[in-house]
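Trainee: Below: sequence and its predicted model.
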Amino acid sequence: MKMPFSHKNWGSLNELLYNPLSLTGFALVVLSASLYIVATFFSSVSGSHGGAYSGLITFIIMPPLLILGLFLIPIGILWRKRSLHRLGLEKSRFFIIDFNIPRHRQLFLIFTTIVLFVLILISNMSWQAYHFSESVKFCSSCHTVMHPETVTHKLSPHAKVTCAACHVGPGAGWYMRSKLAGLRQVYAVITNSYPRPITTPIHNLRPARDICEQCHWPQYFIDDKIITHDYYQRNDENTHGSVTLQMHVRGNSGYGRPTGIHWHIENIVEFAAVDPKQEDVPWVKVIYRDGREKIFVASDDPISKKKLAMLKIKKMDCITCHNRPSHIFRSPEEIMNLLLTVGRVSPKLTDIRAIGADALASDYKTDAGADRGIAKAIRNGCSNSDPQEVAKAISAIKKAYHQNFFPKMKVRWDVHPSNIGHWRSKGCFRCHDGKHVSKNGEIIPRRCNLCHTILSQKSKDGLRFNINGVPFIHPVDIDGEWKTTNCSQCHKGE
């Protein structure tokens with residue numbers, strides 16, 4: 001039998017590398033390193049990492065392939081040496097390095113240089129992989145699942161803040177925790193087992209104050225904020241009105257007792273909700289800065305100690321109220337008020353406020369179906385109006401639909417209610433409903449001026465203004481019902 005190698009040349013590097021494992025490893029190293037270097041060069045020249053898929057291949061797939069190849073090369077060499085040893089072609093399984101031999105010194109220098117290059121390359125790969133895995137492109141690469149969040153994020157006040165900055169935050173611990181959780185999400189995407197819509201609120205997230213207060217500092221929000229809400233009534237004239245509010249944001253300026261909305265952050269407030277959306281809150285506990293405690297229980301539906309023990313007590317933080325800081329899904333009512341206010345839709349179109357809102361609120365199964373339904377509803381409802389204004393309205397309303405409604409994921413405004421305010425969800429009135437009472441009879445108040453003062457209100461009767469505040473007048477006469485009924489019971493967003 002003819003042996004493939006002889007005693008005299010068994011130790012040559014070529015012979016040791018000539019095995020399937022090492023050759024495969026070598027091919028993986030050369031391929032992944034070459035592709036990574038070329039991709040990195042072009043991204044540095046262009047200033048962009050390219051699309052989501054190219055980034056996934058370059059920064060997520062290539063580094064593990066390189067490392068796998070590096071492992072396969074020495075494993076193959078050891079396997080080859082062991083095979084030669086069994087054939088009796090080698091007396092020892094271990095390398096012998098003698099620096100007195102020039103060839104050994106040369107090989108050692110080459111090997112050290114290659115190792116240093118590979119270490120630098122792997123370090124760079126790891127760094128780039130870390131940054132790419134924290135980028136918006138990476139998070140939005142699951143197109144169908146994350147499409148609603150991607151679109152609304154681009155239109156939000158936090159559009160220039162990365163997903164990871166809010167969902168992960170700083171520190172290696174939460175980075176690793178998020179990536180491990182991401183493995184479950186990848187599995188759900190691969191197996192098509194993710195819920196539609198994505199269930200919110202998301203549990204086991206990092207405490208909001210660890211995240212939000214990297215930029216915001218509610219204790220030092222000293223000044224109030226002035227905001228104006230424009231609205232249009234559901235009638236032929238689309239009657240315009242507006243309310244200007246002085247929001248008592250405030251905080252603790254360091255010069256006295258904290259007041260205003262951010263009082264809830266200065267003091268510890270705990271609550272228990274009986275529903276997943278945290279809309280029904282029957283139990284509230286306040287721990288004041290001086291250590292005093294008060295417990296308030298809903299008087300209309302008191303909760304038993306046994307049932308309370310089964311509920312999870314949560315600490316109120318930023319997200320308790322600001323639960324849609326980036327992924328905002330506007331209701332048809334909000335969309336039409338906004339489009340009419342900025343002039344994208346003409347208020348001269350008869351009853352367009354109602355027609356547009358009804359068209360948006362219809363249950364469409366696909367985006368294409370929504371386009372057809374919206375166009376048909378507006379053309380039929382505004383058949384006697386200016387055709388150019390009708391076409392402009394159709395275009396604007398279609399665009400707004402695709403920015404706020406996502407049929408594939410069954411996402412729209414009423415799936416993810418916003419807790420800011422109290423217009424189309426309970427919001428503040430989850431606790432401030434005048435029905436939460438302590439043992440000594442103290443009530444969590446339901447006074448409007450706790451959070452805001454109405455500086456002016458414009459209606460069909462004209463403009464009323466007073467720096468000290470004006471009483472609210474409902475645009476439609478409902479005989480004072482708004483004083484005892486939550487806004488969201490009528491204003492469902494449609």
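Mentor: Everything's here; your move.
Trainee: wait, is residue 270 part of a strand?
Mentor: Yes. Assessed with DSSP: H, G, I helix; E, B strand; the rest coil, residue 270 lies in a strand.
Trainee: Could you check the pLDDT of residue 215?
Mentor: In this prediction, residue 215 carries a pLDDT score of 87.
Trainee: quick check: longest helix of the chain.
Mentor: In terms of residue count, the longest helix belonging to the chain (DSSP state H) is helix 102-133.
Trainee: Tell me which residues of that one come out buried.
Mentor: Of all the residues in helix 102-133, those buried under the rule 16 or more other Cβ atoms under 10 Å are 118, 121, 125, 128-129, 132-133. Glycine gets a C-beta too; all of them are placed from N, C-alpha and C.
Trainee: Max pairwise distance over those: which two?
Mentor: Using Cβ to Cβ, the buried residues of helix 102-133 span at most 21.6 Å, a distance reached by 118 and 133.
Trainee: Would you check how far apart the residue nearest the centre of the chain and residue 102 are?
Mentor: With distances taken as Cα atoms, centre = their mean, the residue of the chain nearest its centroid is residue 163 (5.6 Å). As for residue 163, its distance to residue 102 is 56 Å (criterion: Cβ to Cβ, to the nearest Å).
Trainee: And residue 471, by the same measure?
Mentor: Residue 471 is 98 Å from residue 102, by Cβ to Cβ.
Trainee: how does this protein divide into domains?
Mentor: 7-133, 144-194, 225-325+418-489, 332-409 (automatic domain parsing).
Trainee: Quick check: which of those domains is buried the most?
Mentor: Highest mean neighbour count of these: domain 332-409, a mean of 18 (counted as mean count of other Cβ atoms under 10 Å).
Trainee: so how far is that domain from its chain's centroid?
Mentor: How far domain 332-409 lies from its chain's middle: 27 Å, per Cα atoms, centre = their mean, to the nearest Å.
Trainee: Pull the distance from the longest helix of the chain to the chain's centre.
Mentor: On Cα atoms, centre = their mean, the centre of helix 102-133 falls 37 Å from the chain's centre.
Trainee: Could you do stretch 478-487 as well?
Mentor: 35 Å.
Trainee: What's the end-to-end length of it?
Mentor: 12 Å (Cα to Cα, to the nearest Å).
Trainee: pLDDT of it, averaged?
Mentor: On average, stretch 478-487 scores 82.
Trainee: Likewise for stretch 70-87?
Mentor: In this model, stretch 70-87 carries a mean pLDDT of 79.
Trainee: Output stretch 455-463 as CSV, restricted to C-alpha atoms.
Mentor: Only the C-alpha atoms of stretch 455-463 are listed here, as CSV (Å, rounded to 0.1, in the frame of the first residue of the first chain):
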residue,chain,number,x,y,z
LEU,A,455,-56.7,79.7,28.9
SER,A,456,-59.0,80.1,25.9
GLN,A,457,-61.7,78.3,24.0
LYS,A,458,-62.9,79.1,20.5
SER,A,459,-66.3,78.0,19.4
LYS,A,460,-69.1,79.1,17.1
ASP,A,461,-70.0,81.7,19.7
GLY,A,462,-66.6,83.3,19.5
LEU,A,463,-63.4,83.3,21.5
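Trainee: can you list contacts of it?
Mentor: 226, 239-246, 464-467, 469-470, 472-473, 475 (Cβ atoms under 8 Å, 6 or more residues apart in numbering).
Trainee: how about 10 Å then?
Mentor: Under the contact criterion Cβ atoms under 10 Å, 6 or more residues apart in numbering, stretch 455-463 has outside partners 226, 228-231, 233, 237, 239-246, 464-475.
Trainee: Can you list which of these are found in helices?
Mentor: Among the contacts of stretch 455-463, no member falls in helices (DSSP H).
Trainee: And the strands in the protein, which stretches?
Mentor: 225-232, 240-247, 268-272, 283-287, 293-298, 313-315, 436-437, 452-459, 462-465 (DSSP state E).
Trainee: Which of those strands sits closest to residue 201?
Mentor: The nearest among the strands of the chain, by Cβ to Cβ, is strand 313-315 at 9.8 Å.
Trainee: so what does that closest one touch, helix or strand wise?
Mentor: Identification of packing neighbours for strand 313-315 by 3 or more Cβ pairs under 10 Å, 6 or more residues apart in numbering; DSSP states H and E yields strand 268-272, strand 283-287.
Trainee: closest one to residue 109 among those?
Mentor: Using Cβ to Cβ, these put strand 268-272 closest to residue 109, at 64.3 Å.
Trainee: what pairs with that closest one, and is each one parallel or antiparallel?
Mentor: strand 283-287 (antiparallel), strand 313-315 (antiparallel) (DSSP bridges).
Trainee: how about CSV for these, with mean pLDDT and distance to residue 356 added?
Mentor: Listed next are the strands paired with strand 268-272 as CSV, based on pLDDT from 0 to 100; distance: least, Cβ to Cβ, whole Å:
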stretch, mean pLDDT, distance to residue 356
strand 283-287, 94, 39
strand 313-315, 91, 38
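Trainee: Just tell me which of those strands ends up closest to residue 482.
Mentor: strand 283-287 (24.1 Å).
Trainee: Can you give the contact residues for that closest one?
Mentor: Outside strand 283-287, the residues touching it (Cβ under 10 Å, 6+ apart) are 263-264, 267-274, 292-298, 302-303, 307-308, 311, 313, 315-316, 430-432, 436, 438, 442, 444.
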